[in-house]
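**Student:** Okay, here's the prediction I keep looking at, along with the sequence it came from:
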Amino acid sequence: MLFSVTRFTTRFGARRAALAVLLNAALLSGVQAAAAAPVDTAPTTYSDAAALGKLMFFDASLSASGKMSCASCHSPSHAYGPPNGLAAQLGGADMRSQGTRAVPSLRYVLNRTPIWSHPQAASLSERLSETDNAPMGGFGWDGRFNKLHDQASFPLFNPNEMANKDPDAVLAKLQRTPYAARFKEVFGQNIFADPTKAFTQAMYAIERFELEDPSFRPYTSKFDYYLDGKVQLTAQELRGKKLFDNPAGGNCASCHIDQPGVNGAHPLFTDFNFQALGVPRNAELRANADPKYFDMGLCGPIRTDQSSDKTNCGLFKSVSLRNTATRHVFFHNGRFHTLKDALRFYVQRDTNPAKWYPKDAHGKVDKFNDLPVALRVNVDTTDEPLTRKAGERPVWSEQDIDDVAAFLTTLNDDYVLNAKRSR
Ligand code: HEC
Ligand code: HEC
């Protein structure tokens with residue numbers, strides 16, 4: 001099966017690498033590959049639908065508050081990620097309702113995210129021998145959308161975000177925009193007479209913008225130029241890359257793939273797989289004031305079709321690390337606000353749990369406290385660097401963390417290649 005892959009222990013590194021190749025191959029031949037040429041160059045044409053979708057993406061008048069557009073959260077000057085360090089953004093009709101998850105960057109992943117799949121192990125013995133197959137793909141931290149046009153309606157209706165009551169509310173607003181006439185020219189003069197069709201076309205337009213606009217995939221990072229042989233990495237950046245790659249050390253590249261794919265497609269630093277990392281509960285999220293509330297990703301409460309399998313609880317999708325060094329909020333619940341803290345968490349989660357988790361009523365460190373106790377077994381303790389014991393030495397020193405942060409900074413877009421010095 002195309003996407004079948006074993007559970008990820010370092011022992012299966014080879015199979016994981018094979019997956020990376022398969023994944024790229026599949027994507028290049030797949031339906032979403034419209035813009036996935038070798039280095040994922042943008043299509044030469046820009047459709048009328050995409051142009052309309054762009055207007056919609058930036059149009060705050062499409063929200064109940066009149067103040068929030070897609071771009072309010074997915075800011076183009078912040079790699080289509082959040083413009084601030086809030087763990088979750090404020091929205092709703094009064095712009096005071098808080099969401100429950102951090103805003104992901106929309107760069108690079110939109111045309112290269114595989115559809116959601118969760119191939120099951122063929123037999124019990126396969127499961128027992130740790131070859132249970134991993135869930136992967138789909139949009140959202142929990143992978144619940146396969147199509148961008150399906151995803152686009154979620155924020156338009158979500159009471160914490162753009163908060164429209166229903167499609168009619170969106171269409172009424174759309175018809176009052178300066179580009180309503182253009183919408184009719186493109187989709188038919190009578191398009192608004194058929195609300196279902198009009199709404200479908202509107203979501204399609206947003207999807208076209210997301211797939212066609214080159215600003216979602218500029219490939220202008222220092223790392224891209226390095227892959228193309230146009231620039232060297234510094235000694236520190238190379239040290240960081242080595243630490244990032246080392247399977248017995250950081251082991252980051254086993255999930256955040258940094259090797260070019262077939263045909264030279266530049267890597268996205270994600271494998272689109274799901275993992276439970278045990279990120280600590282974040283008190284900045286209002287939903288967490290309720291001790292019985294848990295955002296468990298794949299198994300709910302937002303996603304609802306995978307909750308019967310409790311091994312899904314706590315799993316979130318691995319995200320691209322491109323432009324991550326520009327962010328001020330990390331992981332699905334926005335628990336960390338600096339890149340270095342996110343890195344420290346990986347290497348010190350197990351060696352010094354008291355640094356990350358509060359104490360429970362009995363004075364014991366409440367490790368993996370963002371999951372109900374019975375489900376904490378789902379948290380990854382088999383992949384390096386998540387295998388250590390309390391008191392052991394972390395796999396990275398502070399110097400190492402600086403070096404990896406320097407390497408990750410080479411993934412920021414808009415790197416200016418030095419003009420050759422004239423002598
Ligand atoms: C209030 C902030 C906010 C607004 C407004 C917003 N989003 Fe998002 N967006 C998010 C958050 C948070 C997520 C992660 C959601 C989740 O996992 O449930 C997300 C996820 C996404 C994703 C999935 C990305 C991925 O890699 O899986 C896409 C695509 C997206 N948004 C597009 C849009 C579009 C299009 C609009 C406007 C119609 C929009 N967003 C409006 C906050 C926002
Ligand atoms: C076993 C797979 C796996 C390994 C190994 C791994 N990651 Fe991740 N990474 C993930 C997943 C899954 C997420 C999202 C988890 C969440 O939010 O709950 C993530 C999220 C992140 C984020 C947050 C990005 C954002 O935009 O919020 C950073 C930074 C990161 N990883 C860096 C690293 C580094 C550095 C290493 C090596 C020390 C590493 N990862 C190792 C799977 C992995």
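**Tutor:** Here it is on my side, so go on. Numbering: from 1, shown residues only. Ligands and ions are numbered 1, 2, ... in the order given.
**Student:** Every contact and neighbour count from this point should use C-alpha atoms.
**Tutor:** Will do.
**Student:** which of the residues in stretch 256-265 are buried?
**Tutor:** 256-261, 265 (16 or more other C-alpha atoms under 10 Å).
**Student:** average model confidence for it?
**Tutor:** Stretch 256-265 carries an average pLDDT of 93.
**Student:** tally of neighbours for D194?
**Tutor:** As a burial measure, D194 scores 9 neighbours (other C-alpha atoms under 10 Å).
**Student:** cool, the one 10 residues further on as well?
**Tutor:** Each residue near Y204 was counted by other C-alpha under 10 Å, and the total is 21.
**Student:** again with the one 4 residues further on
**Tutor:** Other residues near R208 number 22, with proximity taken as other C-alpha under 10 Å.
**Student:** Spatially, what comes nearest to it if we skip its sequence neighbours?
**Tutor:** The shortest distance from R208 to any non-neighbouring residue, by C-alpha to C-alpha, 6 or more residues apart in numbering, is to A50 (4.5 Å).
**Student:** sorry, back to before: just put the buried residues of stretch 256-265 in CSV and tack on distance to ligand 1 and secondary structure.
**Tutor:** Converted to CSV, the buried residues of stretch 256-265 look like this (distance: C-alpha to the nearest ligand atom, whole Å; DSSP: H, G, I helix; E, B strand; the rest coil):
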residue, distance to ligand 1, secondary structure
H256, 14, coil
I257, 16, coil
D258, 18, coil
Q259, 20, coil
P260, 20, coil
G261, 19, coil
A265, 18, coil
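**Student:** nearest to ligand 2, of the residues you listed?
**Tutor:** H256 (6.2 Å; C-alpha to the nearest ligand atom).
**Student:** pLDDT of stretch 158-168, averaged?
**Tutor:** For stretch 158-168, mean pLDDT rounds to 98.
**Student:** Any part of that stretch near ligand 1?
**Tutor:** Yes. Against ligand 1, stretch 158-168 shows contacts by C-alpha under 6 Å from any ligand atom at 161-162.
**Student:** residues of that stretch that come out buried?
**Tutor:** Buried positions in stretch 158-168, judged by neighbour count with 16+ other C-alpha under 10 Å: 158-164, 167.
**Student:** can you check stretch 325-338 too?
**Tutor:** So stretch 325-338, judged by 16+ other C-alpha under 10 Å, has buried residues 325-338.
**Student:** for P159, what are its contacts?
**Tutor:** For P159, the contacting residues are 91-93, 97, by C-alpha atoms under 8 Å, 6 or more residues apart in numbering.
**Student:** how about the helices in the stretch 1-150 of the chain?
**Tutor:** Along the stretch 1-150 of the chain, counting by DSSP state H, counting those that start in this stretch, helices occupy 13-29, 48-57, 70-73, 124-128, 148-157.
**Student:** mind checking which helix or strand E207 is in?
**Tutor:** For E207, the enclosing helix or strand under DSSP states H and E is helix 195-212.
**Student:** picking up where we left off before, looks like the residue nearest to R208 contacts I206 (just checking).
**Tutor:** Yes. Between A50 and I206 there is a contact at 6.6 Å, judged by C-alpha atoms under 8 Å.
**Student:** contacting residues for Y225?
**Tutor:** Applying C-alpha under 8 Å, 6+ apart, we find Y225 in contact with V231.
**Student:** K241 versus that one, what's the distance?
**Tutor:** Distance of Y225 to K241, computed by C-alpha to C-alpha, to the nearest Å: 15 Å.
**Student:** Give me the neighbour count for E384.
**Tutor:** Based on other C-alpha under 10 Å, the number of other residues close to E384 is 22.
**Student:** Might one say that it is in contact with N251?
**Tutor:** Yes. Under the criterion of C-alpha under 8 Å, E384 makes contact with N251 at 5.8 Å.
**Student:** which residues sit against stretch 384-392?
**Tutor:** Stretch 384-392 is contacted by residues 9-10, 247-251, 346-347, 349-353, 380-381, 394-395 when judged by C-alpha under 8 Å, 6+ apart.
**Student:** Which among those count as buried?
**Tutor:** Using 16+ other C-alpha under 10 Å as the burial test, the contacts of stretch 384-392 include 9-10, 247, 249-251, 346-347, 349-353, 380-381, 394-395 as buried.
**Student:** Also near ligand 2: which of these, exactly?
**Tutor:** 250-251, 346.
**Student:** Inside strands: which ones of the buried ones among the contacts of stretch 384-392?
**Tutor:** Residues of the buried ones among the contacts of stretch 384-392 located in strands (DSSP state E): none.
**Student:** Near the closest residue in space to F368 that isn't next to it in sequence, how many other residues are there?
**Tutor:** With sequence-adjacent residues excluded and distances taken as C-alpha to C-alpha, 6+ apart, F368 is closest to G278, at 4.9 Å. By other C-alpha under 10 Å, the residues close to G278 number 22.
**Student:** how about G278, what does it touch?
**Tutor:** Contacts of G278 (C-alpha under 8 Å, 6+ apart): 314, 368-371, 376, 379-380.
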